[in-house]
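Asker: Give the three-dimensional model of this entry:
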Amino acid sequence: KSYVEINNSMPSSSYATLDGYKLGTFIEKQKEKFKKNKLSKEKISFLEKLTSWTWDPLEDQWEEGYKRLCEFVEKNNSLCSQGHISFDGFKVGLWVNVQRQSYKKNKLSEKKIDLLEKLVPWTWDPFEYQWKIAFNDLKDYQKRHKMICSDGSYISKNGVRLANWATKQRSKDKDKKLSKEKRNLLETLQGWDWSPMKSQWQLGYKHLKVYVDNHNSICHVNYITNDGYKLGKWVKWQMYHYKIKKMSKERIELLNKLPTLQCNIDISNIDVISNNDDSIDDSETISNTEIELVNELDIDTDSLEKE
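Answerer: Predicted structure coming up:
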């Protein structure tokens, strides 16, 4: 009775008091006696006066699952994963999934629906819940680093690979599979870009144009701008993309507009590439084979201005 008054629920079947009394076992024994008609009317009356008492084992299981979920939420301030199992073997994640399935089939009582929805992080759609977790993690990352995560190896506190997640959102948007609501939320993040590779290329070209305008020459391959941009490396990447025929005509034309480019590029010798170069990654992470190809490029570094 004291436990119910304090916790407003029945204890789990494995619960024992601080002084070692196995209260959970006591409850199970009363229910067994009730099934066998071996419990007096007086004791039945006492038990049924308890707020959370039930003789239905299915209801007991539900109460047990709900209690375990409440404990997890209180401790972690989030819902558990679908595969979560408690330390004593209770499949809390599976229980949560069963409730969602019952809800979809209209087989969950209003009382149980209300109890579940009172839990702050509760959602009937686990995919929406996971999306919100990932978005909030990306939002926190942006606030701390003043940029959108682009490190593919970075994993958030909730186990989300943020760079990969962001790439998936861009792909979904491109395929018209991202809701307007989610699109708007992503665009509230300072620095969010739907075409980061294209933006990176435009940033490199902008740096190069400024350099050419100021120095009337192409920078040295190791040149780094005052703001830390590795412009020389970017130039080398463009030569590499041209050599392997993965540069769009639009970009070739833009580069050829720079009067002092060391090797004028002939558009007629290149395969037709879409003007949308988002598929071409200007990342600094390349394979050994690619490094060898880049180093073999016919760039007269001695004639480039050294800074």
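Asker: can you pull out the helices in the stretch 151-300 of the chain?
Answerer: With DSSP state H, counting those that start in this stretch, the ranges of helices along the stretch 151-300 of the chain come out as 162-174, 180-187, 196-215, 231-243, 249-256, 288-295.
Asker: Just the C-alpha atoms of the longest one, please, in CSV.
Answerer: As requested, C-alpha coordinates have been extracted for helix 196-215 and formatted as CSV (Å, rounded to 0.1, in the frame of the first residue of the first chain):
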residue,chain,number,x,y,z
PRO,A,196,27.7,22.2,-50.6
MET,A,197,30.1,20.9,-53.3
LYS,A,198,28.9,23.5,-55.8
SER,A,199,29.3,26.2,-53.1
GLN,A,200,32.8,24.9,-52.3
TRP,A,201,33.8,25.2,-55.9
GLN,A,202,32.4,28.7,-56.2
LEU,A,203,34.3,29.7,-53.1
GLY,A,204,37.6,28.3,-54.6
TYR,A,205,36.9,30.1,-57.9
LYS,A,206,36.2,33.4,-56.0
HIS,A,207,39.5,33.1,-54.1
LEU,A,208,41.4,32.4,-57.4
LYS,A,209,39.8,35.3,-59.2
VAL,A,210,40.7,37.7,-56.4
TYR,A,211,44.3,36.4,-56.5
VAL,A,212,44.6,36.7,-60.3
ASP,A,213,43.2,40.2,-60.2
ASN,A,214,45.7,41.3,-57.5
HIS,A,215,48.8,39.4,-58.7
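Asker: Quick check: the gap between G24 and P11.
Answerer: 5 Å (C-beta to C-beta, to the nearest Å). In this view, the C-beta of every residue, glycine as well, is placed from N, C-alpha and C.
Asker: Could you do K146 as well?
Answerer: 49 Å.
Asker: One more: E42?
Answerer: From E42 to P11 the distance is 22 Å (C-beta to C-beta).
Asker: These two - which one has more neighbours?
Answerer: P11 (20 against 8; other C-beta atoms under 10 Å).
Asker: re earlier: what's the most buried one of the helices of the stretch 151-300 of the chain?
Answerer: helix 231-243 (a mean of 20; mean count of other C-beta atoms under 10 Å).
Asker: That one relative to helix 196-215, how many degrees between them?
Answerer: If you take axes from the mean of the first three to the mean of the last three C-alpha atoms, to 10 degrees, helix 231-243 sits at 120 degrees to helix 196-215.
Asker: How far does helix 231-243 sit from its chain's centre?
Answerer: Here the centre of helix 231-243 is set off from its chain's centre by 32 Å, with C-alpha atoms, centre = their mean, to the nearest Å.
Asker: Leaving out the residues flanking it, which one is nearest to T25?
Answerer: What sits nearest to T25 in space, not counting adjacent residues and going by C-beta to C-beta, 6 or more residues apart in numbering, is S13, at 7.4 Å.
Asker: for that neighbour, helix, strand, or coil?
Answerer: Following DSSP: H, G, I helix; E, B strand; the rest coil, we place S13 in the coil state.
Asker: Surely it and G24 touch.
Answerer: Yes: counting by C-beta atoms under 8 Å, G24 is a contact partner of S13 at 4.3 Å.
Asker: So which bits of stretch 134-145 are buried?
Answerer: A134, F135, D137, L138, Y141, Q142 (16 or more other C-beta atoms under 10 Å).
Asker: and that stretch, how far from the chain's centre?
Answerer: Taking mean C-alpha positions (C-alpha atoms, centre = their mean), stretch 134-145 and its chain are 10 Å apart.
Asker: Check stretch 67-74 too.
Answerer: On C-alpha atoms, centre = their mean, the centre of stretch 67-74 falls 23 Å from the chain's centre.
Asker: for stretch 201-209, same thing?
Answerer: The mean C-alpha position of stretch 201-209 is separated from the chain mean by 31 Å, C-alpha atoms, centre = their mean.
Asker: Residue nearest the middle of the chain, spatially speaking?
Answerer: A134 (3.3 Å; C-alpha atoms, centre = their mean).
Asker: so what's that one scoring on pLDDT?
Answerer: pLDDT, A134: 92.
Asker: do S195 as well
Answerer: 84.
Asker: From K107, how far out is it?
Answerer: Taking C-beta to C-beta, one finds S195 at 46 Å from K107.
Asker: shaky segments in the stretch 201-307 of the chain?
Answerer: Residue ranges of the stretch 201-307 of the chain with pLDDT under 70: 260-307.
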